[in-house]
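Participant: Using only what follows, build the 3D model:
(chains A and B)
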Amino acid sequence: DIQMTQSPSSLSASVRDRVTITCRASQGISNYLAWYQQKPGKVPKLLIYAASTLQSGVPSRFSGSGSGTDFTLTISSLQPEDVATYYCQKYNSAPFTFGPGTKVDIK
Amino acid sequence: EVRLVESGGGLVQPGGSLRLSCAASGFSFSNYNMNWVRQAPGKGLEWLSYLSISSSSVYYADSVKGRFTISRDNAKNSLYLHMNSLRDEDTAVYYCARDPDSSGYYRRLDYWGQGTLVTVSS
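Facilitator: Numbers count the residues shown, from 1 in each chain, chains lettered A, B, ... in the order given. Take a look at the predicted model:
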């Protein structure tokens, strides 16, 4: 099975900083990748699918890119409400594995 | 308003069984693929199972294959997860989630329930 990794596992950044999270697949998955945000104590929320398509209602400061094995989620200007754990998920074929998550907080 | 409401969680002994339900409302349930995802306390998300609209395609994570069975009743707008041979490591919050894609190219989990807690312990 294809393994998903994320880096860093956690990060601390200042408000208005540009934040980049990386997700890597052990084999190519084309652009079959989604990103989710899970705030503390809350249900996961879809941010991006097909690697770069922004889900309706998600702020435009979130963007995704990549294809094949390497993907990035970028928050162009970090806001206090973005404190959360971010997960990538592959869906080219089952199992639809999630990455281990990246925890983002405010410095 | 799209709503997914899980139920059926609780305390069960190792080796026991449980059936989780997910009641859907606010959308045409029979037109959507569905998934189960779980999250152990303090841990990350773990995808468990997928079931297509007509139940013709079903997938499982290796960790639950042979022990868990996903099913749906479109007439009742409900998704189920039958869990057998439960282990301590199955302790988690279990979420059902909707996948609006029918092509396979744009899969995503766009709505999630609030989750139901399953605790496996003697």
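Participant: So which bits of chain A are right by chain B?
Facilitator: A:1, A:32, A:34, A:36, A:38, A:43-46, A:49-50, A:53, A:55, A:85, A:87, A:89, A:91, A:94-101 (C-beta under 8 Å from any C-beta of the partner chain). In short, each C-beta sits where N, CA and C put it, glycine included.
Participant: thinking B:Ile53 is in contact with B:Phe29, fair?
Facilitator: No. Using C-beta atoms under 8 Å, B:Ile53 and B:Phe29 do not qualify as a contacting pair, with a distance of 9.3 Å.
Participant: out of those two, which sits in the busier spot?
Facilitator: B:Phe29 (22 against 16; other C-beta atoms under 10 Å in any protein chain shown).
Participant: Next, give phi and psi for that one.
Facilitator: Torsion angles at B:Phe29 (phi, psi; degrees, to the nearest 10) stand at phi -50, psi -40.
Participant: if I look at it, how far off is A:Leu47?
Facilitator: 24 Å (C-beta to C-beta, to the nearest Å).
Participant: can you give me the helices in chain B?
Facilitator: Ranges of helices in chain B, per DSSP state H: none exist.
Participant: interface residues of it facing chain A?
Facilitator: So far as C-beta under 8 Å from any C-beta goes, chain B lies against chain A at B:35, B:37, B:44-47, B:50, B:59-62, B:95, B:105-110, B:112-115.
Participant: Which of those are buried, as a PyMOL select command?
Facilitator: If you want just the buried ones from the residues of chain B next to chain A in PyMOL, going by 16 or more other C-beta atoms under 10 Å in any protein chain shown, the selection is:
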select buried, chain B and resi 35+37+45+46+47+50+59+60+61+95+106+107+108+109+110+112+113+115
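Participant: any weak-confidence spans in chain A?
Facilitator: Of all residues in chain A, none has pLDDT under 70.
Participant: beta partners for the spatially most central residue of it?
Facilitator: Centroid check for chain A by C-alpha atoms, centre = their mean gives A:Trp35 as the closest residue, at 4.1 Å. Beta-bridge pairing for A:Trp35 (DSSP bridges): A:Ile48, A:Cys88.
Participant: Quick check: it touching A:Tyr87?
Facilitator: Yes. A:Trp35 is within contact range of A:Tyr87, at 7.1 Å (criterion: C-beta under 8 Å).
Participant: Strands of chain B, start to end?
Facilitator: B:3-7, B:10-12, B:18-25, B:33-39, B:45-51, B:58-60, B:68-73, B:78-83, B:92-99, B:111-112, B:116-120 (DSSP state E).
Participant: right, and those - which one's nearest A:Val15?
Facilitator: strand B:45-51 (26.6 Å; C-beta to C-beta).
Participant: helices or strands up against that closest one?
Facilitator: strand A:84-90, strand B:33-39, strand B:58-60, strand B:68-73, strand B:78-83, strand B:92-99 (3 or more C-beta pairs under 8 Å, 6 or more residues apart in numbering or on different chains; DSSP states H and E).
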